[in-house]
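Enquirer: give the three-dimensional model of this entry:
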Amino acid sequence: MTITRFAPSPNGPLHLGHAYSAIISHDLAKETGGRFLLRIEDIDGARSRPHLADEFRRDLKWLGLEWDEVPAQSTRLGSYEAAFSKLRDFGVLYQCECTRADILSAGAEIGPMGAIYPGKCKGKDISPDGKAQWRLDVDLASKITGQLKWHDAIEGAQFCDPWELGDVVIWRKDEPASYHLAATLDDAADGVSLVTRGRDLFAATHIHRLLQALLDLPMPRWHHHPLLLDDSGKKLAKTRGSPAIADLREAGEDGHLLAEQLRLQSFPSGISLQNA
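Expert: As a prediction, the model looks like this:
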């Protein structure tokens, strides 16, 4: 039985890219008689707007999707803290005081998900005053786990290459666990067997596979689907004000029809699919 999930953050309304991702995840589960889970990832500090979770549910229902809801991330902080402590005890984390501006000014290489941390704070003595974030020492962690593999439904077998993102943040300075740690723990706790998400998160899976090995978590399979692009060739995003599903719903559009169009890759004018 395949178990998939859709895990939106309530920091902005869902758009067509979210709908496309949710439909793929839903259908991959249902075609095997499996389960499609909804998980609200609501630990994004001041950006999180709790009322949007109900909007998300209305959007998914409007699209004709059926789901089982699992506990939101805000109820799981204890599990994140326990995993953070375990990783810290392993010695694979180090404190970092660098801001994004510091990292860019250091001439950091730009990777698939932004600037790659150049290691300025690695080995540095930082006062444990709670004002620093904690990063994963990828070199040390990889020596502990050895060579790892994972499998993507589209790209096939992959050798784990966590250096593609470098020493990512695991525990944030002013908020709880980073996306990398929280999503990895949640997928394991929810029994997700097929992680479906956009192609833009492909590189993150190398880090998540490493964390699974360190924390002795089960390894799922992955399905990184193509992204929907706007007429400028950029992926649909909340930050760019991509048209909200809620606006279509409230305008009286037919959600079931839209879902079928997305399944057939019949996108509205100005929207295309990134196949590469």
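Enquirer: separation between Met219 and Leu38?
Expert: 23 Å (C-beta to C-beta, to the nearest Å). Any C-beta I mention is one placed from the backbone N, CA and C, and that applies to glycine too.
Enquirer: settle it for me: which of these two has more neighbours?
Expert: Leu38 (21 against 15; other C-beta atoms under 10 Å).
Enquirer: what residues are bridge-paired with the more buried one?
Expert: Here Leu38 sits in beta bridges with Phe6, Glu69, as judged by DSSP bridges.
Enquirer: name the element Glu55 belongs to?
Expert: For Glu55, the element it lies in under DSSP states H and E is helix 52-62.
Enquirer: pLDDT of that helix, averaged?
Expert: Per-residue pLDDT over helix 52-62 has a mean of 97.
Enquirer: ok, stretch 10-20 next?
Expert: Average pLDDT, stretch 10-20: 94.
Enquirer: cool, stretch 111-121 as well?
Expert: Here the average pLDDT along stretch 111-121 is 85.
Enquirer: quote the end-to-end distance of that stretch.
Expert: Stretch 111-121 has an end-to-end distance of 19 Å (criterion: C-alpha to C-alpha, to the nearest Å).
Enquirer: buried stuff in it?
Expert: 113, 116-119, 121 (16 or more other C-beta atoms under 10 Å).
Enquirer: please apply the same query to stretch 95-111.
Expert: Neighbour-count burial for stretch 95-111 flags 95-96, 98, 103, 108 (criterion: 16+ other C-beta under 10 Å).
Enquirer: please enumerate the helices of the stretch 1-150 of the chain.
Expert: 16-30, 52-62, 77-90, 100-105, 138-145 (DSSP state H, counting those that start in this stretch).
Enquirer: show me what the fourth one is packed against.
Expert: I take that to be helix 100-105. The helices and strands touching helix 100-105, judged by 3 or more C-beta pairs under 8 Å, 6 or more residues apart in numbering; DSSP states H and E, are strand 114-115.
Enquirer: need the residues that contact the strand it packs on.
Expert: Applying C-beta atoms under 8 Å, 6 or more residues apart in numbering, the external contacts of strand 114-115 come out as 100, 103-104, 108-109.
Enquirer: partner strands of that strand and their direction?
Expert: Sheet pairing for strand 114-115, assigned by DSSP bridges, gives strand 110-111 (antiparallel).
Enquirer: for the strand it pairs with, what is the distance to the chain centroid?
Expert: Centroid separation between strand 110-111 and its chain, computed with C-alpha atoms, centre = their mean, to the nearest Å, is 18 Å.
Enquirer: so what touches it?
Expert: So strand 110-111 is contacted by 116, 164-166, 203 (C-beta under 8 Å, 6+ apart).
Enquirer: before we move on, the earlier item: kindly export the helix holding Glu55 (C-alpha atoms) in PDB.
Expert: Provided in PDB are the C-alpha atoms of helix 52-62 (Å, rounded to 0.1, in the frame of the first residue of the first chain):
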ATOM      1  CA  LEU A  52      -5.100  29.300   6.100                       C
ATOM      2  CA  ALA A  53      -5.200  25.600   7.100                       C
ATOM      3  CA  ASP A  54      -9.000  25.700   6.800                       C
ATOM      4  CA  GLU A  55      -8.600  27.400   3.400                       C
ATOM      5  CA  PHE A  56      -6.300  24.500   2.300                       C
ATOM      6  CA  ARG A  57      -8.900  22.000   3.300                       C
ATOM      7  CA  ARG A  58     -11.600  23.800   1.400                       C
ATOM      8  CA  ASP A  59      -9.300  24.000  -1.600                       C
ATOM      9  CA  LEU A  60      -8.500  20.200  -1.600                       C
ATOM     10  CA  LYS A  61     -12.200  19.300  -1.200                       C
ATOM     11  CA  TRP A  62     -13.100  21.700  -4.100                       C
END
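Enquirer: tell me what angle it forms with helix 16-30.
Expert: 60 degrees (axes from the mean of the first three to the mean of the last three C-alpha atoms, to 10 degrees).
Enquirer: from the contact counts, what lies against helix 52-62?
Expert: helix 16-30, strand 35-38, helix 245-250.
Enquirer: alright, that wraps it up for me.
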